[in-house]
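Q: what's the 3D shape of this:
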Amino acid sequence: MNRGKDALTSLIDHLAVHYTSSIDENEVVTWTSSRKGSGWIIPIATGFQGISELEFAKYQRDETTPHRFAESVITLGEFIMLHKINTIEEVLWKYSYNQERKSICLPNKLRRNHMAKNKSKEKVTVLAFEKKLIPSDGYFYGTTWDNSSQLVPLKLREKAVRGTISNRLKMTTEKDYLGLDAKVENANLQTVDTCSLSQEQDTLVVKFSLKVIGGLEKPSACNNSNFLSSYKEAVKKYKETYGFSELASRYALNIANGRFLWRNRVGVENILVTVELENEGLDTIYEFDSNSIGLDNFEYSTNEIASLAQHIEKVLLSSDDYLLMKITCKARLGLAQEVYPSEELVLDSNSKEKR
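A: Residues are numbered from 1 along each chain as shown. Now for the predicted structure:
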């Protein structure tokens, strides 16, 4: 625009791809393409600019707030790889308002009057985080609802099934309708893993432990001290401003409603989840009637769920604390019903090895 071009022309100049041709001495034509700049650059809308004065319009929704017509502010944005980011401030965007009737969302680095470009060539090439929720394997047992003290470990068994062939047929078969019918009639024999309760059992019992650990502000590995310090500061501000009450409440609710049962939760008559806090000095036990707790309402809460959420949030806010929970779930499926544990993956159909 400094050269007399309008905004649209300047935008197109940066996006346009120019093709040129050349002919060598053998009259071979070669085409080449070029752009004004490199990188993955696209137009993006970053805010709004007012195109009228502030005034009260007829029939406006909010009768107490002045109204103004506005249009989108378009600029060019570039996608960059994570390892090219020096500090977390470069990827945090915030809105700002100026006297030119503009409300624009820009990275913090640009909002501070386009800070001087960091000349350091150090990049974040190593950045790793350890998990903060650590579940153990879940162990499946069969029992009866009225006498759940007698637990029998459930075992996987193989079962052969007759399936249908895939619809991804060869091109020659797709136009041969008689051949297509013959192909569909062919059996697709498969061997799958299955597991079910016995004829005397109507209840599935699942036992596992879950550990929650703190230290969210500490990556397990980072090779850029500038990024590390900015990340720690961002997490610290987030803890102080927002905390983790919502996150902890959702964790507690998903434990209480038995979401971890996966397909085993469908069509269940009764579900009882027991949570025991295993930390030294904590002897609290919670019991939840999971059937009365929905899966799609995170606003639901009880005193027990709120108490469990407080324990979880306390650990998430800490730098080195932990919470260990022993979780036992009873699900009344029905006599001899199938259960769904994790299954083995057959990597090679010609091999008997499974992993």
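
Q: contacts and neighbour counts: CA atoms only from here.
A: Fine.

Q: where do the helices sit along this protein?
A: 7-15, 108-111, 171-174, 177-185, 225-241, 245-256, 303-317 (DSSP state H).

Q: looking at those, which one has the lowest mean pLDDT?
A: Lowest mean pLDDT of the helices of the chain: helix 171-174, a mean of 52.

Q: burial measure for the closest residue to residue 39 other than its chain neighbours, as a count.
A: Spatial nearest neighbour of residue 39, chain neighbours left out: residue 78 (6.7 Å); criterion: C-alpha to C-alpha, 6 or more residues apart in numbering. A count of nearby residues for residue 78, using other C-alpha atoms under 10 Å, gives 12.

Q: Next: residue 50.
A: 16.

Q: Pull up the gap between the nearest residue to it once chain neighbours are set aside and residue 51, please.
A: What sits nearest to residue 50 in space, not counting adjacent residues and going by C-alpha to C-alpha, 6+ apart, is residue 70, at 4.1 Å. If you measure residue 70 against residue 51 using C-alpha to C-alpha, to the nearest Å, the figure is 5 Å.

Q: Residue 164 now?
A: Taking C-alpha to C-alpha, one finds residue 164 at 63 Å from residue 51.

Q: swap in residue 154?
A: Taking C-alpha to C-alpha, one finds residue 154 at 70 Å from residue 51.

Q: that older thread, tell me what the residue nearest to residue 39 is bridged to.
A: Taking DSSP bridges, one obtains residue 41 as the residues bridged to residue 78.

Q: returning to that earlier point: pretty sure the residue nearest to residue 50 sits against residue 49.
A: Yes - using C-alpha atoms under 8 Å, residue 70 is in contact with residue 49, at 5.3 Å.

Q: follow-up on the earlier one: mind putting the helices of the chain in TSV, distance to residue 159 included?
A: As requested, those are exported to TSV (distance: least, C-alpha to C-alpha, whole Å):
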stretch	distance to residue 159
helix 7-15	59
helix 108-111	59
helix 171-174	31
helix 177-185	21
helix 225-241	50
helix 245-256	32
helix 303-317	41
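
Q: In a markdown table, list these along with distance to residue 21 and mean neighbour count.
A: Converted to a markdown table, these look like this (distance: least, C-alpha to C-alpha, whole Å; neighbours: other C-alpha atoms under 10 Å):
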| stretch | distance to residue 21 | mean neighbour count |
| --- | --- | --- |
| helix 7-15 | 20 | 14 |
| helix 108-111 | 40 | 16 |
| helix 171-174 | 40 | 11 |
| helix 177-185 | 50 | 12 |
| helix 225-241 | 46 | 15 |
| helix 245-256 | 59 | 20 |
| helix 303-317 | 62 | 19 |
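
Q: Which of the ones you listed sits closest to residue 209?
A: helix 245-256 (11.3 Å; C-alpha to C-alpha).

Q: could you check the angle helix 303-317 makes with that closest one?
A: 130 degrees (axes from the mean of the first three to the mean of the last three C-alpha atoms, to 10 degrees).

Q: elements contacting helix 245-256?
A: helix 303-317 (3 or more C-alpha pairs under 8 Å, 6 or more residues apart in numbering; DSSP states H and E).

Q: and the angle from the helix it packs on to helix 225-241?
A: 150 degrees.
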